[in-house]
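Asker: would you be able to build a 3D model of this:
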Amino acid sequence: MADNTVGIQEYLESYIPSLVGKRLAEKPLPDMEGTAFTLQLTFKGEKSLVYGITIKDAKEVSVTPGGVENPMLQVIIGEDFIRPLVDMAASLTGRKQYDAVSQAKGTVDLEIAMPGDWVMPVTAVFNGASQPSLKIMGKSADLAQVATGEINGPMAFMQGKIKLEGDMAFGLSLANLMP
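Answerer: Numbering: from 1, shown residues only. Just a heads-up that it's a prediction; the model follows:
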């Protein structure tokens, strides 16, 4: 079986330029000859990763590990954003969580309210089953507290920190996913 995982380096150096290049080819932008848009992404934490993205003439996309000089736009993604994702992934490694995931069947749609008033949609499909389904909505900080066990899901729901729509029995069956 082929390994279909994509590391952050491959994602930034290959996948993103391919997607952006395809999008620009589908919808070419006029009057962009001679331009070079530069963006620098910094993933800040214990081990900071820096990548520069350059888009020339709104056609060519290149990624430079280590960044670019004098970027027009710099985006810093801090450890406070990355750490809850890492903590959540790490919290799913116990036997209780493994058993819960291996037995679950259904789909969870998360609507994560991010700082800056935008929503990050995430869909989790358990064991290929589209039904039953549940939608969970909440602020990223509140959902991170639930995912890491700082607050339990039912308590977060009762306090109005998270909202649920859909099959509540399915939602309760997922309680063992949390530490």
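
Asker: ok, then the element right after the helix or strand bottoming out on mean pLDDT in the chain?
Answerer: Least confident helix or strand, the chain: helix 79-91 with a mean of 64, by mean pLDDT, DSSP states H and E. Downstream of helix 79-91, the next assigned helix or strand under DSSP states H and E is helix 95-103.

Asker: quick check: buried residues in the very next helix or strand once past that following helix?
Answerer: The C-terminal neighbour of helix 95-103 among helices and strands, as given by DSSP H and E, is strand 106-114. In terms of neighbour count (16 or more other Cβ atoms under 10 Å), strand 106-114 has its buried residues at 106-110, 112-113. No exception for glycine: its C-beta is placed from N, CA and C like everyone else's.

Asker: got the contact list for the closest residue in space to residue 100 that isn't next to it in sequence?
Answerer: Of all residues not flanking residue 100 in the chain, residue 176 sits nearest, at 3.7 Å (Cβ to Cβ, 6 or more residues apart in numbering). Residues near residue 176 by Cβ atoms under 8 Å, 6 or more residues apart in numbering: 96-97, 99-100.

Asker: distance check, residue 124 against residue 157.
Answerer: 18 Å (Cβ to Cβ, to the nearest Å).

Asker: make that residue 29, sorry
Answerer: For residue 29, the distance to residue 157 - Cβ to Cβ - is 45 Å.
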